[in-house]
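1. compute the structure for the input listed below.
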Amino acid sequence: EELDFSLSITCSPELIRDTKAIWEMERTDETQFRYACSLSRSTTQTHHFEAIEIFEQLIRDDSSFRRGCLFNAAQTYYSLGKFDRARTFCEELYREEPDNNQVKQMHLAITFKHNAEKERQDKHNQDVNNNIAWGVGLTVVALGVGLLFSAGGRKG
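-> Residues are numbered from 1 along each chain as shown. Here you go, the predicted model:
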């Protein structure tokens, strides 16, 4: 719940525009990181994906903002409902900072949401399979009844 609340805080389009302008002028890891953070707090999914691209690039470049990028990428994937990807980034950060309570809490939240989503998907798949089984069963019964009546009609 705490993670969900913190992710509900959004950036205005003006702040996103301003952080982008600063990044375009200065072109440093710090201004790029700040721009990505503002994008990750946007209400637009496209901005979230753009933020993730920047975070991942800074991680690959082994930026001094690596820790923040791992954390923010995990949060952004979480907000998109992509819990497997969120967990990947969170676990990488957790390996680097196993005593960090903030990371532990995020990992718990991601795992909880991931498991709830998996249970929902498993139930949906089970319902679909049950419906298919019922459909096949009814089709077999209908065919059997049809054959019974057609065979009985020929004898008479």
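2. buried residues in the strand or helix carrying residue 52?
-> Secondary-structure element containing residue 52, defined by DSSP states H and E: helix 45-60. By neighbour count on 16 or more other C-beta atoms under 10 Å, the buried set for helix 45-60 is 47, 48, 50, 51, 52, 54, 55, 58, 59. C-betas here are computed from N, CA, C, even on glycine.
3. was I right to think the fifth one contacts residue 78?
-> Read that as residue 52. No. Residue 52 sits out of contact with residue 78 when judged by C-beta atoms under 8 Å, with a separation of 11.2 Å.
4. low-confidence ranges in this protein?
-> 1-8, 124-125, 127-133, 135-142, 151-156 (pLDDT under 70).
5. neighbours of residue 101, how many?
-> 8 (other C-beta atoms under 10 Å).
6. got the contact list for it?
-> Contacts for residue 101 (C-beta atoms under 8 Å, 6 or more residues apart in numbering) come out as none.
7. do you know how far it is from residue 119?
-> From residue 101 across to residue 119, the span is 27 Å (C-beta to C-beta, to the nearest Å).
8. quick one on the thing from earlier: now, which of the buried residues of helix 45-60 sits nearest residue 134?
-> residue 48 (40.0 Å; C-beta to C-beta).
9. go ahead and confirm the closest one touches residue 37.
-> No. Using C-beta under 8 Å, residue 48 makes no contact with residue 37, being 11.5 Å away.
10. which phi and psi does residue 99 have?
-> phi -100, psi 0 (degrees, to the nearest 10).
11. and what of residue 65?
-> phi -100, psi 20.
12. nearest residue to it other than its sequence neighbours?
-> residue 33 (4.3 Å; C-beta to C-beta, 6 or more residues apart in numbering).
13. likewise residue 71?
-> Nearest non-adjacent residue to residue 71 (C-beta to C-beta, 6+ apart): residue 93, at 5.9 Å.
14. check which helix or strand covers that neighbour.
-> helix 83-96.
15. between that helix and helix 45-60, how big is the angle?
-> 30 degrees (axes from the mean of the first three to the mean of the last three C-alpha atoms, to 10 degrees).
16. for helix 83-96, name the packing helices and strands.
-> On a contact count with 3 or more C-beta pairs under 8 Å, 6 or more residues apart in numbering; DSSP states H and E, helix 83-96 meets helix 66-79, helix 101-155.
17. return the angle between stretch directions for it and helix 66-79.
-> Using the same axes, to 10 degrees: helix 83-96 against helix 66-79 is 150 degrees.
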